[in-house]
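> coordinates for the following, if possible.
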Amino acid sequence: MTGTDVRSQAGKPGPGGYAAARLRLLTEGTHSGPPRRAALAALTDDWLAGLFTGAAEGRRGVSLVAVGGYGRGELSPRSDLDLLLLHDGGDAKETAALADRLWYPVWDLGLALDHSVRTPAEARRTAGEDLKVQLGLLDARHLAGDRGLTAVLRTTVLADWRDQAPKRLPELQDLCTERAQRHGELQYLLEPDLKEARGGLRDATALRAVAASWLADAPRQGLADARRRLLDVRDALHLTTGRATDRLALQEQDQVAAELGLLDADTLLRQVYEAARVLSYAGDIAWREVRRVLRARAVRPRLREETRERGDFLRRVVAGDGWALGGGKPLAERSPLAEGVVEQDGEAVLALTARPERDPVLPLRAAAAAAQAGLPLSPHAVRRLAATTRPLPTPWPAEAREQLVTLLGSGRLAVEVWEALEAEGLVTRLLPDWERVRCRPQRNAVHLWTVDRHLIETAVRASALTRRVGRPDLLLVAALLHDIGKGWPGDHRVVGETIAGDVAARIGFDRADAAVLAGLVRHHLLLVETATRRDLDDPATVRSVAEAVGTPGTLELLHALTEADALATGPAAWSSWRGFLVAELVRRVSAVLTGDVIDAPEAAAPTAEQERLAAEALRTGGPVPVLRARPEPPAEEHQGKPSKESSKEPSRELSGEPEPLGAELLIAVPDQPGVLPAVAGVLATHRLTVRTAELRALDLPDGVDGGSVLLLDWRVAAEYGSLPQATRLRADLVRALDGTLDIAARLAERDAAHPRRRGVVAPPPRVTVAPAASRHATVIEVRAQDAPGLLFRIGRALEDAGVRVRSAHASTWGANAVDAFYVTHWAGGPLPLEEAASVARQVEEALRA
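Just a heads-up that it's a prediction; the model follows:
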């Protein structure tokens, strides 16, 4: 039955005919979705037009106008009728009588009515005073009477809206923000308000208003479908409850799902969440664009004033990349963030030289750079990446995994970037198993989030705990995957163990690390369940946990993951008492797992190349560097090197050599004070990022004369562009070692000239003494946010503390540095406990400064 068929059966306009036709339309089931809403609106239009014609008795200068949702033709079964009786200011009594003849039949049928009676001037004035009225009038639609009067109103209201947009749009954004704070986010609520919650129908209307302003726009892809889905759900909710409600209560969800022909209530909620996610993301982009445009408009008056004051201003700005302020600095200046990624106008965008079709790591690199800088990813960049980037190989290259870890370690700033990737389908392309948990509801009052958002929130929480573990990369990836099994039938821990192992292998972890990740997912509830449900004084309880966990390193990871998971679940899932119980269990399990002290293994015999470099260093009395690129080995080879530290030192037990990244740098230098800070500082001045670093004294074979030689075997990568020449590095190393190159001053000067944008608020650095980790040296361990010059600052602090670095082992996991330094007195031997603690404090204070 079409809308015309329904209207024809209504017969002569009147309450009885309209009511019967309306009932048939809503109950016969031949219409649903947009066709039913259109038919209901058309039926109501005809009825109201008939009422108006009979009541107006030929009077001119008056019209009936639909506004708001009815003006858009979005009539749900129990929707209000939003009506405006517009008049030219004629006889007030006649106008009031006409209004009564229109409103009372509507009330007699039990329909909700939102009505007003105004002249065009009054409507315009009220709209200027009340933003909600102005929004409703933007959707004004003529129903009956004087079309010219309605047209005048529509024209003036729209013109006013566009003229007032710079003032009105910030007010509208504040209104949306305040409403979201009251009603929450639709995409996460178990009993969402389809209209008022963030990402609901009110936000869809706000996006229409933004577009109508001609000031900015929102992404159009998927918007109409998302709005339709929410309206369909509201229609079904009205029909099943018989009430005008927008709250999708738990007890109504099964009936609503059945009305829509869906499998179950979870399928219903997932569709609602997906629609809300589209609208929320579109809103984020639209409001960001509004702010950008308004900032640009605010600059223009200053530009005009400066142009009048300086006759040579135009020459300077034309020489730049865009309009500029004083000094000729382009407003659209592009600042590099990473290879192929730059900052422009408050967003992370692709560089002009970026080639996504040749660079499969670029999406992750761009996301990590944006999150680290605290910038949103440009929607145009994300769309281009989604359309042109080829898939990553399996297993992933090392850089891709490192960039994923860096993104996850960015904390709260990673959420917005992750949402941008997900909006364009990049997340499921990178991690196909993500589709099973995407927008999946959790019917547990303790949980605040859907499964996928809970996983991201857990990674956010885990990023604050990375200083507590020796392998922050494993912690962050385990946080991302710990509930991945909830997309499948069965115990999500058991299912997730298999999925996590497969994902870990696919993204390039070796077998040992993949097994650790799978175990963390399998046992992510073990500690909290045991601590709160078992007798911790029973040795069997502690032994069973120790057997499941296996190693101290896994235990520290599981402890951090447990806390992050609980904090990300909601306030009811974690408390100081639960934290105490879990910590006590971890302490007892750690005591069981701790073994005897084992010193670092003997260093391997030097290679022929190392002997040659050492001999050359002794002959010349200076550093001898060799810098070369080397292809990455297969994923299985990169992390198989056994830990150099004691098994009693949990933070080092799980650490192995990362896959090679960038270039190999070998340096031999005669043993002397200041080698570590000198080498690290020179690399920082050349914008080389240190990925791994090994330092050890080299014992030369018999027959080679001279003193002791330090051998540094480092893996470095150019921050931008190409690697420097080894001759340049050697020249600067010589100057750094003899004191003629002030590295600290050069780094400070560079940072002042080109400050790095750092959006991430990282956890503070943590410097500790590893207890009983070595019999021959004191092990100082540093866990900190990776940054240019970090190793230089650590080395300088150790030099200032008057200790000798016997060996060093530095690793970078995403944006986290985990470094261990074996230090002694210059005469040899480990430091006394009090002195070691003092050295650790000095280093930590230097890093916090």
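
> remind me which residues of the stretch 251-400 of the chain are low pLDDT?
Applying pLDDT under 70 to the stretch 251-400 of the chain flags residues 300-332.

> what about 80?
Within the stretch 251-400 of the chain, the stretches with pLDDT under 80 are 298-333.

> so who does residue 776 touch?
By Cβ atoms under 8 Å, 6 or more residues apart in numbering, the residues touching residue 776 are 599, 806, 822, 824, 829-830. C-beta: built from backbone N, CA, C; applies to glycine.

> buried ones among the residues you listed?
Listed as buried from these are 806, 822, 824, 830; burial here means 16 or more other Cβ atoms under 10 Å.

> ok, and the closest non-adjacent residue to the last one?
Of all residues beyond its chain neighbours, the one nearest residue 830 is residue 778 (4.5 Å), with distances taken as Cβ to Cβ, 6 or more residues apart in numbering.

> cool, and the second one?
Spatially, and ignoring its direct neighbours in sequence, residue 822 is nearest to residue 777 (3.9 Å; Cβ to Cβ, 6+ apart).

> and if you look at the first one?
Counting by Cβ to Cβ, 6+ apart, residue 806 lies nearest to residue 822, which is 4.5 Å off, once chain neighbours are set aside.

> point to the helix or strand of the chain where mean pLDDT is at its lowest.
helix 650-653 (a mean of 32; mean pLDDT, DSSP states H and E).

> buried stuff in the helix or strand that it is followed by?
Downstream of helix 650-653, the next assigned helix or strand under DSSP states H and E is strand 663-670. Across strand 663-670, burial judged by 16+ other Cβ under 10 Å covers 663, 665-670.

> stretch 244-262 too?
In stretch 244-262, counting by 16+ other Cβ under 10 Å, buried: 245-248, 252-253, 255-257, 259-260, 262.

> possible to save those as CSV with secondary structure and distance to residue 236?
Formatted as CSV, the buried residues of stretch 244-262 follow (DSSP: H, G, I helix; E, B strand; the rest coil; distance: Cβ to Cβ, whole Å):
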residue, secondary structure, distance to residue 236
245, coil, 12
246, coil, 12
247, strand, 13
248, coil, 10
252, helix, 9
253, helix, 10
255, helix, 8
256, helix, 5
257, helix, 8
259, helix, 4
260, coil, 5
262, coil, 9
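
> any idea which of those is closest to residue 371?
residue 248 (33.0 Å; Cβ to Cβ).

> surely the closest one touches residue 256?
Yes: between residue 248 and residue 256 there is a contact under Cβ atoms under 8 Å: 6.8 Å.

> which neighbours do these two have in common?
Joint contacts of residue 248 and residue 256 (Cβ under 8 Å, 6+ apart) are 233, 237.

> the closest residue to residue 150 other than its chain neighbours: neighbouring residues, count only.
Nearest non-adjacent residue to residue 150, counting by Cβ to Cβ, 6+ apart: residue 142, 4.1 Å away. Residue 142 has 21 neighbours, counted by other Cβ atoms under 10 Å.

> can you check the one 4 residues further on too?
Using other Cβ under 10 Å, residue 146 has 19 neighbouring residues.

> what pLDDT does the model give it?
pLDDT for residue 146: 95.

> next one: the residue nearest to residue 244 when sequence neighbours are not counted from residue 237, what distance?
Excluding the flanking residues, the one nearest residue 244 by Cβ to Cβ, 6+ apart is residue 78, at 3.6 Å. Using Cβ to Cβ, to the nearest Å, residue 78 is found at 9 Å from residue 237.

> find residues that contact each of those two.
Overlap of the contact sets of residue 78 and residue 237 (by Cβ under 8 Å, 6+ apart) consists of residue 245.

> and the two? Which one has more around it.
Legend: neighbour count by other Cβ under 10 Å for residue 78 and residue 237, higher for residue 237 (26 against 20).

> ok, that one to residue 80 distance?
Distance from residue 237 to residue 80, counting by Cβ to Cβ: 15 Å.

> repeat for residue 736
76 Å.

> with neighbour numbers in mind, choose between these two.
Legend: neighbour count by other Cβ under 10 Å for residue 736 and residue 80, higher for residue 736 (24 against 16).

> doesn't residue 745 make contact with the more buried one?
No: taking Cβ under 8 Å as the definition, residue 736 is not a contact partner of residue 745, at 11.8 Å.

> can you map out the helices along the stretch 51-200 of the chain?
Listed in chain order, the helices of the stretch 51-200 of the chain (DSSP state H, counting those that start in this stretch) span 68-71, 92-108, 120-129, 131-137, 147-183.

> go on, the stretch 651-800 of the chain?
Using DSSP H, counting those that start in this stretch, helices in the stretch 651-800 of the chain cover 675-685, 726-738, 743-753, 790-800.

> so what touches stretch 213-228?
33-34, 161-162, 165-166, 168-169, 201, 204, 207, 210-211, 274-276, 278-279, 281-283, 285-286, 289-290, 292-294, 379.

> which ones among those are found in helices?
33-34, 161-162, 165-166, 168-169, 201, 204, 207, 210-211, 274-276, 278-279, 281-283, 285-286, 289-290, 292-294, 379 (DSSP state H).

> can I have the buried ones of those as a PyMOL selection?
Of these, the buried ones can be selected in PyMOL as follows, counting by 16+ other Cβ under 10 Å:
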select buried, resi 161+165+168+169+201+204+207+210+274+275+276+278+279+281+282+283+285+286+289+290+293+294+379
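
> on that earlier part again, got a markdown table for the helices of the stretch 51-200 of the chain, with distance to residue 402 too?
Shown next, in a markdown table, are those (distance: least, Cβ to Cβ, whole Å):
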| stretch | distance to residue 402 |
| --- | --- |
| helix 68-71 | 50 |
| helix 92-108 | 65 |
| helix 120-129 | 54 |
| helix 131-137 | 47 |
| helix 147-183 | 35 |
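
> out of those helices, nearest to residue 383?
helix 147-183 (23.7 Å).

> re the thing from before, can you say which of the helices of the stretch 51-200 of the chain is packed in most?
helix 68-71 (a mean of 23; mean count of other Cβ atoms under 10 Å).

> and for it, what's in contact with it?
Taking Cβ under 8 Å, 6+ apart as the rule, helix 68-71 contacts 41, 44, 65, 75, 79-83, 114, 135-136, 139-141.

> switch the cut-off to 10 Å
Outside of helix 68-71, the residues within contact range by Cβ atoms under 10 Å, 6 or more residues apart in numbering are 37, 41, 44-45, 48, 65, 74-76, 79-84, 114, 132-133, 135-143, 195, 201, 205, 231.

> mean confidence (pLDDT) on it, please.
Mean predicted confidence for helix 68-71 is 95.

> now it - C-alpha only, PDB.
Output of helix 68-71 as PDB, limited to C-alpha atoms (Å, rounded to 0.1, in the frame of the first residue of the first chain):
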ATOM      1  CA  GLY A  68      11.500  20.100  13.500                       C
ATOM      2  CA  GLY A  69      11.200  16.300  13.000                       C
ATOM      3  CA  TYR A  70       7.800  16.600  11.400                       C
ATOM      4  CA  GLY A  71       9.200  19.300   9.000                       C
END
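
> what about that helix, distance to the chain center?
Its chain's C-alpha centre and that of helix 68-71 lie 36 Å apart, by Cα atoms, centre = their mean, to the nearest Å.

> go on, stretch 488-503?
The answer for stretch 488-503 is 24 Å, by Cα atoms, centre = their mean.

> repeat that for stretch 803-810.
37 Å.

> tell me the pLDDT of the residue positioned nearest the centre of the chain.
Centroid-nearest residue in the chain, with Cα atoms, centre = their mean: residue 415, separated by 1.9 Å. Looking at residue 415, its pLDDT reads 95.
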